[in-house]
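S.K.: Dropping the sequence and predicted coords here.
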Protein chains: 2
Amino acid sequence: MSPPRGVSIVGLDGIPEVHPGDDLGAFIAEAADRSGTGLLDGDIVVVTHKVVSKAEGRLVDLSTIEPSPLAIHFAASAAKDPRQVEIALREARRIVRMSRGILITETKHGFVCANTGVDASNVPGEGIVCLLPEDPDGSAAVLRDRLRDLRGADVAVIITDSFGRPWRNGIVNVAVGVAGMDPFADYRGQSDPHGYPLVASRMAIADELSSAAELVMGKLDARPVALVRGYAAQPPVAGAERGGDLVMDAERDLFR
Amino acid sequence: MSPPRGVSIVGLDGIPEVHPGDDLGAFIAEAADRSGTGLLDGDIVVVTHKVVSKAEGRLVDLSTIEPSPLAIHFAASAAKDPRQVEIALREARRIVRMSRGILITETKHGFVCANTGVDASNVPGEGIVCLLPEDPDGSAAVLRDRLRDLRGADVAVIITDSFGRPWRNGIVNVAVGVAGMDPFADYRGQSDPHGYPLVASRMAIADELSSAAELVMGKLDARPVALVRGYAAQPPVAGAERGGDLVMDAERDLFR
């Protein structure tokens, strides 16, 4: 599990605005071709969830939403659209915090994030908001298969979102869906060069790759896909190639 | 603030084992020379805190430590060395969780992490543990100045550690010290390509760079320094070029 000496991250230009039903895999394959080398075996394709959600039609027109009294009351305190708050509440399975204008929930997938991942940025059309994919690991697997069908390349796919964290300012990109790679690099049970056994060193590689990819994505440039090359991700553990594995079990989490 | 299209991350080979008083800057400059291009203006030098701490002599010989009853009791429940627990307690300013064999504290710098960052891995010598630098932002600034003196290159420096996170499995590299760049990319107040104002988009770039660098560092290869090239970090805000800025103020943190 020796790490590579060099990794390159390239943002793919020219991905068009994605609409429900669009062939996102084809957009990515064509953008990768234009970027130079196309897709190669071992590449890691990192995609912001928003284009995946758009292709899957995970969009909601706020004009169709009737907000609850809870959503209306909170939205008034937070200068938010009560209909958007309503959708965030409907998409949640647990409220983590709902105060001081901030709504942090646990999504149906188990992710803990602001507004249940419901977001109006980078979505065209007045009053349209975007949800997280229904099954981000499944979406990643479908996209990975599509890219293999289109170009014959065996790539891994990571779907990302930007999450805040307790205790630290700013948001970072993390993985919400993973296919074709182990989301972790597990050093536990191995020893460092001095013979000391590593006990806590299970790196969340898929999250680190997501953060790395964000460096070339930006928020303003409509560059939703990055190609990471040179990182030799471990193959997925059978039955466990899932971004959902990045979600900590409730009984193991000291912060619940 | 347009992001770059491509970023490269190169791990520097040949950094020797670092001892107290060593000129870490010289080691890094020489390793960068050997890696090819040397250091260039705008490069971001990402360094694991451990080599910084070693150079600064932030090492403790456990044989000199008398553990308290608290440390002894907890260590017994956690299969840990009570002297190492004692040091973690002394380095802390607040206990966040101390149960189920896990000690999570707030360090004197404000970081929330396991064991107050006290760690025996990748430290030569039996019974020697390594602490976080006393002032990681200051350490980063000193290293940045040293690299400029040695090679004339205007680089940014990030000092990292690997932290666990609530709610997500695995650990990731984050920034504990920053010099020569803004640790954030702040999109708040700007609008996306569709004209929608971005309200929450303040990216913790220094953390993302730290995570990206970890991909080429690994835990077993004694490769404690990575060179990130192609990312146009924003210059530091006057008086605020600090990894400490990544620490959330207690009154703003909904998770305390």
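M.R.: Sure thing, it's come through. As the structure is a computational prediction, the values presented were derived from the model and not from experiment.

S.K.: Look at A:Pro124 and report its pLDDT.
M.R.: We have a pLDDT of 86 for A:Pro124.

S.K.: That one is in contact with A:Val18, isn't it?
M.R.: No: using CB atoms under 8 Å, A:Pro124 is not in contact with A:Val18, being 9.9 Å away. C-beta: built from backbone N, CA, C; applies to glycine.

S.K.: My understanding was that A:Gly127 contacts A:Thr64; is that so?
M.R.: No: look at A:Gly127 against A:Thr64 with CB under 8 Å: they stay out of range, at 9.5 Å.

S.K.: Name the residue in the two with the higher neighbour count.
M.R.: A:Gly127 (15 against 8; other CB atoms under 10 Å in any protein chain shown).

S.K.: doesn't B:Cys113 make contact with A:Ala200?
M.R.: No: at 10.8 Å, A:Ala200 and B:Cys113 do not qualify as touching, with contact defined as CB under 8 Å.

S.K.: okay, those two: which has more neighbours?
M.R.: B:Cys113 (26 against 14).

S.K.: For the helix or strand hosting the more buried one, the averaged confidence score.
M.R.: Using DSSP states H and E, B:Cys113 falls within strand B:112-114. Taken as a whole, strand B:112-114 carries a mean pLDDT of 95.

S.K.: do the same with stretch A:137-152
M.R.: For stretch A:137-152, mean pLDDT is 98.

S.K.: before we move on, what about stretch A:195-213?
M.R.: For stretch A:195-213, mean pLDDT rounds to 90.

S.K.: Repeat that for stretch A:238-250.
M.R.: Average pLDDT, stretch A:238-250: 76.

S.K.: Tell me the buried residues in that stretch?
M.R.: Buried positions in stretch A:238-250, judged by neighbour count with 16 or more other CB atoms under 10 Å in any protein chain shown: A:Glu241, A:Arg242, A:Gly243, A:Gly244, A:Asp245, A:Leu246, A:Val247, A:Met248.

S.K.: Now the fourth one. Its backbone dihedrals?
M.R.: Reported as degrees, to the nearest 10, the phi and psi values for A:Gly244 are phi -60, psi -30.

S.K.: try the fifth one
M.R.: When quoted as degrees, to the nearest 10, the phi and psi of A:Asp245 stand at phi -70, psi -20.

S.K.: Same check on the last one?
M.R.: The phi/psi pair for A:Met248 (degrees, to the nearest 10) reads phi -80, psi 140.

S.K.: Please name the residues that touch the nearest residue to it once chain neighbours are set aside.
M.R.: Leaving aside its chain neighbours, A:Met248 sits nearest to B:Asn169 (5.1 Å; criterion: CB to CB, 6 or more residues apart in numbering or on different chains). Taking CB atoms under 8 Å, 6 or more residues apart in numbering or on different chains as the contact definition, B:Asn169 lies against A:Phe184, A:Arg202, A:Ala204, A:Asp245, A:Leu246, A:Val247, A:Met248.

S.K.: So B:Asn169: helix, strand or coil?
M.R.: Assigned with DSSP: H, G, I helix; E, B strand; the rest coil, B:Asn169 falls in the strand class.
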